[in-house]
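In: Here's a sequence, model it:
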Amino acid sequence: MSVPGPPPPDGVLAGPPFGLGPGEPTQGLSDTSPDEGLIEDFPVEEKAVEQLAEGLLAHYLPDLRRSKQALQELTQNQVVLLDTLEQEISKFKECHSMLDINALFTEAKHYHTKLVNIRKEMLMLHEKTSKLKKRALKLQQKRQKEELEREQQREKEFEREKQLTAKPAKRT
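Out: As a prediction, this is how the structure comes out:
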């Protein structure tokens, strides 16, 4: 069972004439163009053609003008939307660059902390090396003093042994 479609517009044939089935030949209708032989069959009056053209234009022109106006508005709205979209894209780019800047600041803070730690470590190492140098100098001075004392002790012992050694007595 088929559902009938919407009725065709006025003056338009939707199918074969009433009573004919699909594929049956139509009487009085030919396969030639509908404009063929029109001038020969009907006398054409210029005034009638002009009135028909004016009527056709009067019928379709308001719709075409409204369509043209609607298209112009759509085009204008598209331009506005494109401008807005470009502005939004630039805002997103700024946001991304702000994120990049924030990342750079975070990284700079991290490296600043590292630098401060390295500086503290260097100061601590400098203090330790200064203390070690002082200690090494004291140890060197102590060793030199001990060495000097040992040398003096040896000399004293040498002098003492020299005095203790038997000396031949002088005969007189």
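In: switch to C-alpha atoms for all contacts and neighbour counts from now on
Out: Fine.
In: how many other residues sit next to residue 54?
Out: 13 (other CA atoms under 10 Å).
In: Any figure for the gap between it and residue 60?
Out: Look at residue 54 and residue 60: by CA to CA, to the nearest Å, they are 10 Å apart.
In: Same question for residue 49.
Out: 16 Å.
In: Could you pull out the helices in the protein for me?
Out: Listed in chain order, the helices of the chain (DSSP state H) span 38-41, 46-164.
In: Show the pLDDT at residue 35.
Out: Here, the pLDDT recorded for residue 35 equals 57.
In: just so I know, which of the helices of the chain lies nearest residue 171?
Out: Among those, the nearest to residue 171 by CA to CA is helix 46-164 (19.6 Å).
In: Figure out how far the closest one is from the centre of its chain.
Out: Distance of helix 46-164 from the chain centroid (CA atoms, centre = their mean, to the nearest Å) equals 17 Å.
In: tell me the average confidence for it?
Out: Helix 46-164 comes out with an average pLDDT of 94.
In: what's the burial count for residue 61?
Out: By the measure other CA under 10 Å, the count of residues near residue 61 is 13.
In: got the contact list for it?
Out: Residues in contact with residue 61 (CA atoms under 8 Å, 6 or more residues apart in numbering): none are found.
In: all numbers from here: first residue = 727
Out: Got it, the first residue is 727 from now on, which makes the last one we talked about residue 787.
In: Could you check how far it is from residue 873?
Out: Going from residue 787 to residue 873 by CA to CA gives 125 Å.
In: separation between residue 837 and residue 820?
Out: Counting by CA to CA, the gap from residue 837 to residue 820 is 25 Å.
In: what do you get for residue 811?
Out: 14 Å.
In: Could you pull out the buried residues of stretch 833-842?
Out: Residues of stretch 833-842 include none that count as buried (16 or more other CA atoms under 10 Å).
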